[in-house]
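Engineer: A predicted structure for the sequence below; I have some questions about it.
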Amino acid sequence: MPRLRKSLKILVAAGFLLWIADGYLLMRSESPRPAPDPAAGTATTTGPGATTEPGTTTGPGGGARYSGAIHMHSTYSDGGGSVEDIVRAGQNAGPDFLVLTDHDTMQPLIDGHQGYHDGLLLLVGEEVNTSAGHLLSLGVGRDVSQDGPLGLPALVEEISESGGVSIAAHPTGRRPWTDWTLEEMDGLEVLNGNSEWRDDGVLELVRALVFLPFMPDEVFNSLVDRPDEAIRLWMHRAQRQPVTVIGSLDAHERIKLWGERHLSFPTYERMFGLIRTYVITGTELTGDAEVDEEILLNAIHRGSCYVVLEGYEPAPGFSFELTMGPETLSMGSSVEYQNGGRLHVTAPSSGPVRIRLYRDEVPLIETEGHELFVEVPGPGVYHTEVYQLRRTLLRGERQRLWIISNAIRVE
Ligand SMILES: [Zn+2]
Ligand SMILES: [Zn+2]
């Protein structure tokens, strides 16, 4: 009997050690890579805020691009930090702009927080509570709500008529978005940093907690998977009309414990390094916050942007373009089908990647390499996803989602 107990103990201990070792190898495969050497590509860096390093990056195909951290909450609603804390975290994490979206209030705008803070642009939007879920209202300049007799359609119309952008927040999260009939709604969050970890299994989360103190970057990266359901919703809607997708953080730096107690976790800075939306604008930012808000939101409105899991590696050199006749079009464009059009994806990286091109919801072609050319086979909604390839000892090769593009529509 004692021998059996002893063998059982050894077996359990061995199983636990294997689980930890497997977890370590898995986490290690999630580690960040350094940014690609800008000198090797066409990217150059200058900027509107001469005091900070990040700024305009002129990518392939021209246009300026800016990386943004979008969707966060301050103490104006249920966030754990002040706007000053958020700005400081943004300056450390290095995006070009932040979009603050407190729940049902534009008070941060009224209090003068929108603007440049030592080269970092802070824009103030709002997360509006509606009967269909939470809606980001950006660029409206005032508080909006669903209170009127005409309800949600009137709200979305008001945002649109004010030149703003409306985005369905966490469409597949705990509070999902439920109304996809609103024609004037501009887009959806294809990734939401606060929802991503909730779909992981208990064992996966426990193991993440074990490794969190030692490998925080790796742990956070490991919690974000391909958002299959959000992509399905996007593609379904995109069959009818142009749809913008963005990557959001929903950063709170606050986990409620009991009573008034809370944990300041995960930090804003950590979240700003996890997911970014890179915006490709027609012109460079000017340093005037009002003008620059319009430039950035116009680009987001037309879908001239892409989502990057920044924790793996920044992606300033990514491009997804369509050449048809004399024209070269980028993400967010719509065009009539003609014979001979070519789609072109470039994804410079300091390690191996896999580029996968989708037509509507279906993978069309993929390649292991930093570039993909393919002839347009016919009408469709095309988007591309880029995966970082990581070798693990026990599980062979893993592919980890790195970039999701916006779509190019061929009609
Ligand atoms: Zn929300
Ligand atoms: Zn939120």
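Structural biologist: Great, that's in hand. Ligands and ions are numbered 1, 2, ... in the order given.

Engineer: can we go C-alpha only for contacts and neighbour counts from here?
Structural biologist: Fine.

Engineer: mind giving me the packing neighbours of the longest strand that the chain contains?
Structural biologist: Ranked by residue count, the top strand of the chain under DSSP state E comes out as strand 380-392. When contacts are defined as 3 or more C-alpha pairs under 8 Å, 6 or more residues apart in numbering; DSSP states H and E, strand 380-392 sits against strand 353-359, strand 396-405, strand 408-410.

Engineer: buried ones in the longest one?
Structural biologist: Buried residues in strand 396-405, counting neighbours by 16 or more other C-alpha atoms under 10 Å, are found at Q399, R400, L401, W402, I403, I404, S405.

Engineer: JSON lines please, covering these and showing pLDDT.
Structural biologist: Shown next, in JSON lines, are the buried residues of strand 396-405 (pLDDT from 0 to 100):
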{"residue": "Q399", "pLDDT": "94"}
{"residue": "R400", "pLDDT": "95"}
{"residue": "L401", "pLDDT": "97"}
{"residue": "W402", "pLDDT": "98"}
{"residue": "I403", "pLDDT": "98"}
{"residue": "I404", "pLDDT": "98"}
{"residue": "S405", "pLDDT": "98"}
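
Engineer: could you single out the nearest of these to T244?
Structural biologist: Using C-alpha to C-alpha, S405 is the member of the buried residues of strand 396-405 that lies nearest T244, at 9.8 Å.

Engineer: which residues does that closest one bridge with?
Structural biologist: Applying DSSP bridges to S405 gives these bridge partners: Y306.

Engineer: low-confidence regions, the stretch 1-150 of the chain specifically.
Structural biologist: Applying pLDDT under 70 to the stretch 1-150 of the chain picks out residues 1, 35-62.

Engineer: where along it do the helices fall?
Structural biologist: For the stretch 1-150 of the chain, the helices defined by DSSP state H, counting those that start in this stretch cover 2-28, 83-93, 107-110.

Engineer: can I get these in a markdown table including distance to V307?
Structural biologist: Formatted as a markdown table, the helices of the stretch 1-150 of the chain follow (distance: least, C-alpha to C-alpha, whole Å):
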| stretch | distance to V307 |
| --- | --- |
| helix 2-28 | 22 |
| helix 83-93 | 17 |
| helix 107-110 | 26 |
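
Engineer: packed most tightly, which of those helices would that be?
Structural biologist: Ranked by mean neighbour count, the helices of the stretch 1-150 of the chain are led by helix 83-93 with a mean of 19 (mean count of other C-alpha atoms under 10 Å).

Engineer: what packs against that one?
Structural biologist: The helices and strands touching helix 83-93, judged by 3+ C-alpha pairs under 8 Å, 6+ apart, are strand 120-130, helix 268-272.

Engineer: now that helix and strand 120-130, what's the angle there?
Structural biologist: Interaxial angle, helix 83-93 versus strand 120-130 (axes from the mean of the first three to the mean of the last three C-alpha atoms, to 10 degrees): 120 degrees.

Engineer: could you number the chain from 44 rather than 1 from now on?
Structural biologist: From this message on, residue numbering opens at 44, which makes the last subject helix 126-136.

Engineer: so which residue is dead centre in this structure?
Structural biologist: A centroid search over the chain (C-alpha atoms, centre = their mean) returns G290, at 2.0 Å, as the residue closest to the centre.

Engineer: which secondary structure element contains that residue?
Structural biologist: Per DSSP states H and E: G290 is located in strand 287-291.

Engineer: strand partners of the helix or strand following that strand, parallel vs antiparallel please.
Structural biologist: Next in sequence after strand 287-291, counting helices and strands by DSSP H and E, comes strand 298-299. When sheet partners are counted by DSSP bridges, strand 298-299 sits next to strand 305-306 (antiparallel).

Engineer: show residues contacting the partner strand.
Structural biologist: Contact partners of strand 305-306, identified using C-alpha atoms under 8 Å, 6 or more residues apart in numbering, comprise E296, R297, I298, K299, L300.

Engineer: 7 Å instead, please
Structural biologist: R297, I298, K299, L300 (C-alpha atoms under 7 Å, 6 or more residues apart in numbering).

Engineer: how's this protein carved up into domains?
Structural biologist: Following automatic domain parsing, one finds the domains of the chain at 74-358, 361-454.

Engineer: now T427: closest residue in space, sequence neighbours ignored.
Structural biologist: Once flanking residues are discounted, T427 sits nearest to L400: 4.4 Å by C-alpha to C-alpha, 6 or more residues apart in numbering.

Engineer: surely that neighbour and L407 touch.
Structural biologist: Yes. Counting by C-alpha atoms under 7 Å, L407 is a contact partner of L400 at 5.6 Å.

Engineer: higher neighbour count, those two?
Structural biologist: Neighbour totals were compared for L400 and L407, and L400 leads with 26 against 15 (other C-alpha atoms under 10 Å).

Engineer: A273 in helix, strand or coil?
Structural biologist: helix (DSSP: H, G, I helix; E, B strand; the rest coil).

Engineer: apart from its chain neighbours, what residue comes closest to it?
Structural biologist: The shortest distance from A273 to any non-neighbouring residue, by C-alpha to C-alpha, 6+ apart, is to V233 (5.4 Å).

Engineer: how far off strand 439-448 does the helix or strand that the one you found is a member of point, in degrees?
Structural biologist: For V233, the element it lies in under DSSP H and E is strand 230-235. On the basis of the same axes, to 10 degrees, strand 230-235 is oriented at 160 degrees to strand 439-448.

Engineer: which secondary structure elements does strand 230-235 contact?
Structural biologist: strand 208-211, strand 287-291 (3 or more C-alpha pairs under 7 Å, 6 or more residues apart in numbering; DSSP states H and E).

Engineer: again, only using 8 Å
Structural biologist: strand 208-211, helix 271-281, strand 287-291.

Engineer: what does it contact?
Structural biologist: The contact list for strand 230-235 (C-alpha under 8 Å, 6+ apart) reads 209-214, 270, 273-274, 277, 286-293.

Engineer: buried among those? Need that as a selection in ChimeraX.
Structural biologist: For the buried members of the contacts of strand 230-235, the matching ChimeraX selection, counting by 16+ other C-alpha under 10 Å, is:
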select :209,210,211,212,213,214,273,274,277,286,287,288,289,290,291,292,293
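
Engineer: tell me how far the residue nearest to T427 lies from V419.
Structural biologist: Remark: distance between L400 and V419 (C-alpha to C-alpha, to the nearest Å) = 11 Å.
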